[in-house]
Every structure is written in structure tokens, then in C-alpha cells.
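Colleague: No letters, just coordinates:
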């Protein structure tokens, strides 16, 4: 059976750098699109972040598999003419330039639409295209800080807010939203014959991962607090958030990690049936099993629930992880071992689903990286098997018409 390539035949121009735009481009490449990465002279910035060879870095490898690379200097008239030539033949354009630079480079919606009325333009900005911060540049850390996301992982004793695991959550979610928006734009074009400008922002992405915490029901809670947006969070806010996180952890035995005799174990019971099954394993009862996330006002009830957590902690600590995986699993309790990332390279589940891939990179050798995130019609999704060298496809992609070769 021929492997499915649902986006085969589509040409994507990726002018983006860093994380969000390149992630969207790589996902579209994985689905079969021809993704042409337009890089400035010398290559995009991530090629030079902690490089292990000139123009080669792990950061760049993570986000640019399966693409072609073209060098264009959009600061020059010649570079902008070449870019316009590519746009005329493109289906989708991705970039993360702020509005003023996009206009200067001929990548604003009006210019793209004039060049190619059927093209879909998908852009990611820091704060969106409207409002007092429209056009202001920022990166993942700033978006997490501005959105409140940076405080959500606070722990007692923290002196400063830190990104959870150093992971660029806003960047990564924005890349996923960008790829989804690009597909929506392509569907719109198929239905109407017209292109579309799809916008996402790092701020929107940072809010998206907090969607449950953002819900405020005035009939139950009264008006939202409407705190002064100009007043930054400080040490008291960090401490208060850390205490809240620690309190919730101390009260809920059903959705947390435990220290077993030989390692860590994660338990995740999201409904009453699963929580009651967990209690049966330990022969315990809990009057709060219906809603363990609700923090009780009664100090005695808090102490009772904390005592329950300590009892389960003590029992789990007495046995190895494998014992509890068998015991809890036999009762339908969702659980799993806490593992190191490095363990996944040989994990049979990861291998069976081809979630990691290895390929031969010229002049570098074997490279391991993320595999495809999809199976299509039950078949593994074929993906690109190399990282483009800086500018290697420039002459192949840019056989420009004679009228566009003027100096």
C-alpha cells in the first residue's frame, strides 16, 4: 500500500525562525507538503545556538527536518524580488515577523494577496495584531510571564519564577495552533477559491494552556478580581501561588506522583470510579472522593485528607514501582512509572509507534529526533529523513524568469 501524503503537492514558504513557525512548517512537511525554508544570509538564528559544527545545532535539527533551504536577503531589492517570485507560486506562507518588518519585506497580507490572491498567509506574533502591544516583539519567556503562566509551577522556596522544565510552552503551542490554522486556511481556499490570513500569537497560546483556570462564573464567584494589569507580580504572589500548589498536592492523593521503594510512580485518577478503585487497593475510605480538588475550609477536614495522603505515601514507599503498577493496574487505576527521557530511545512502545526516528545526516552521521506524530489510514506516516544544509536548495528552487533577474 502506498503511504498517504495528504498535503503532497502543496508548497509552503517558511520565513519563520526559532520555534513556533518552524514547528508548524515541520509538521506540514511531515504531512507531505514541500516546505521551503527561507533563511537570511548565514542561516537562521537557531543554526548558531550552541552549534556542534558550523551552522549545525541540536536546536535547529529539532524543528527543521524534511525541509529545503533557500538563502534570501530580504533587506535587498533583489532578495525581495526573488521572494515575490516564490510567493506567486506558493500555497502557504509562514512567518513570525512583526507587522512593520513584514511590510518592509513584502510579507504583509496586502502584498501577499496582490501577488497571489489564492495564497494562505499564516503569521505568529507575540501579542497579536491589535491593541497597545501590537507589533511589540517578544519571545516565549516574555509571553509566559505576561500571561501568568510563569507562576503556575511555583514551589515553596522558589526565589524567582522559572519555566517548567525550561520548556517553551507558549512557542510550542503557538506552532501547533499555527499548523492547525494553516490547514483551516487551505480548506477555506478550497471552498471559496480565495486565500486567507490566519493569525496566532504567543499570548493566545500561553492563555490556551490555562483555559481551565481562566473560567470565571460570576453567578457563583462574583465579578472577576480585575487586578491592575500594570502592577507586576512579586515575591508575595510567587509565595502565595507556591503555597496554593503545595496545599492542593497535600490534599489530593489521586492525581500526583509517589516515591516507591526504587523510584517514582505517577497516579492519575480523574473520575470517581478510578478513585474508589485506588482506595480499594489500600483498603481505605475517603468522604472527599467525589471532589478531591476542592479545598475545604474546615482545618480538621484538611488534616484528615492530609493524613490520608501520608498513609498512601507510606504504603507505596514500602514496595517497588513494578509491584504497584501490577496492583493498581489490576484494579483499573491509571498509573505509570516516572522515567528519564533517555529511556525512550529503546522503549518498545515508542519504537512500535515510530515516535523517534534516526537518519544519516551528511557529514554528521546518525541523528535521532522526533518522528511523525500521526498514523494515516493505519500506516506510519513517512517523513523527511534529513536536515537541510544552509541554502543548499537556493539555485534549485529559484530558477527566476528573465524579467525578475534585473539588478
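Modeller: That came through, no problem. Not measured: the values here are computed from a predicted model. Numbers count the residues shown, from 1 in each chain.
Colleague: hey, let's count contacts and neighbours off CA atoms from now on
Modeller: Will do.
Colleague: Can you show me the helices along the stretch 101-250 of the chain?
Modeller: Ranges of helices within the stretch 101-250 of the chain are 109-115, 140-147, 169-192, 202-208, 211-214, 218-221, 235-251, based on DSSP state H, counting those that start in this stretch.
Colleague: what does the longest one contact?
Modeller: With contact meaning C-alpha atoms under 8 Å, 6 or more residues apart in numbering, helix 169-192 is reached by 19-25, 27-28, 92, 118, 120-124, 139-140, 143-144, 194-206, 209.
Colleague: Buried residues, that helix. List them.
Modeller: Counting neighbours by 16 or more other C-alpha atoms under 10 Å, one finds that the buried residues in helix 169-192 are 169-183, 185-186, 189.
Colleague: how far is it from where the chain is centred?
Modeller: 13 Å (C-alpha atoms, centre = their mean, to the nearest Å).
Colleague: Next, the angle helix 140-147 makes with it.
Modeller: Here helix 169-192 runs at an angle of 90 degrees relative to helix 140-147 (axes from the mean of the first three to the mean of the last three C-alpha atoms, to 10 degrees).
Colleague: re earlier: buried among the contacts of helix 169-192? Make that a ChimeraX selection.
Modeller: Here is the ChimeraX command that selects the buried residues among those (16+ other C-alpha under 10 Å):
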select :19,20,21,22,23,24,25,27,28,92,118,120,121,122,123,124,139,140,143,144,194,195,196,197,198,199,200,201,202,203,204,205,206
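Colleague: Take the helices of the stretch 101-250 of the chain and lay them out in JSON lines including mean pLDDT and distance to residue 378.
Modeller: JSON lines is the format used below for the helices of the stretch 101-250 of the chain (pLDDT from 0 to 100; distance: least, C-alpha to C-alpha, whole Å):
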{"stretch": "helix 109-115", "mean pLDDT": "97", "distance to residue 378": "38"}
{"stretch": "helix 140-147", "mean pLDDT": "93", "distance to residue 378": "35"}
{"stretch": "helix 169-192", "mean pLDDT": "97", "distance to residue 378": "21"}
{"stretch": "helix 202-208", "mean pLDDT": "95", "distance to residue 378": "30"}
{"stretch": "helix 211-214", "mean pLDDT": "88", "distance to residue 378": "32"}
{"stretch": "helix 218-221", "mean pLDDT": "87", "distance to residue 378": "46"}
{"stretch": "helix 235-251", "mean pLDDT": "90", "distance to residue 378": "40"}
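Colleague: Direction included, what does the helix or strand bottoming out on mean pLDDT in the chain pair against?
Modeller: The helix or strand of the chain with the poorest confidence is strand 379-380; it has a mean of 79 (mean pLDDT, DSSP states H and E). In the sheet, strand 379-380 lines up against strand 375-376 (antiparallel) (DSSP bridges).
Colleague: Other residues contacting the partner strand?
Modeller: Against strand 375-376 from outside (C-alpha under 8 Å, 6+ apart): 4, 381.
Colleague: ok, now with 10 Å
Modeller: 3-6, 31, 353-354, 381-382 (C-alpha atoms under 10 Å, 6 or more residues apart in numbering).
Colleague: again, but for stretch 272-287
Modeller: 253-255, 267-269, 289-292, 301, 304-305, 308, 311-312, 315-316, 324, 327-334.
Colleague: Just the ones in strands from those residues, please.
Modeller: The members of these that map onto strands under DSSP state E are 255, 267-268.
Colleague: how does the protein divide into domains?
Modeller: 11-208+346-404, 234-340 (automatic domain parsing).
Colleague: Kindly state the pLDDT recorded for residue 274?
Modeller: On pLDDT, residue 274 comes in at 96.
Colleague: can you give me the offset of stretch 151-160 from its chain's centre?
Modeller: 22 Å.
Colleague: Show me what counts as buried in stretch 57-76.
Modeller: Taking 16+ other C-alpha under 10 Å as the criterion, stretch 57-76 shows 57-74 as buried.
Colleague: Now do the contacts for residue 18.
Modeller: 44-47, 49, 59-60, 63, 96, 139, 171.
Colleague: Give me the below-cutoff pLDDT ranges for the stretch 251-400 of the chain.
Modeller: Across the stretch 251-400 of the chain, the ranges flagged by pLDDT under 70 are 400.
Colleague: The residue nearest to the spatial centre of the chain and residue 47, how far apart?
Modeller: With distances taken as C-alpha atoms, centre = their mean, residue 172 lies nearest the centre of the chain, 2.2 Å away. Between residue 172 and residue 47 the computed distance is 18 Å (C-alpha to C-alpha, to the nearest Å).
Colleague: How about residue 381?
Modeller: Residue 381 is 27 Å from residue 47, where distance means C-alpha to C-alpha.
Colleague: More neighbours: which of these two?
Modeller: residue 47 (23 against 20; other C-alpha atoms under 10 Å).
Colleague: The more buried one touches residue 59, doesn't it?
Modeller: Yes - here residue 47 reaches residue 59: they are 7.3 Å apart, a contact under C-alpha atoms under 10 Å.
Colleague: could I get the ones in strands among the contacts of stretch 272-287 as a markdown table with neighbour count and distance to residue 229?
Modeller: A markdown table is the format used below for the ones in strands among the contacts of stretch 272-287 (neighbours: other C-alpha atoms under 10 Å; distance: C-alpha to C-alpha, whole Å):
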| residue | neighbour count | distance to residue 229 |
| --- | --- | --- |
| 255 | 17 | 33 |
| 267 | 20 | 37 |
| 268 | 16 | 35 |
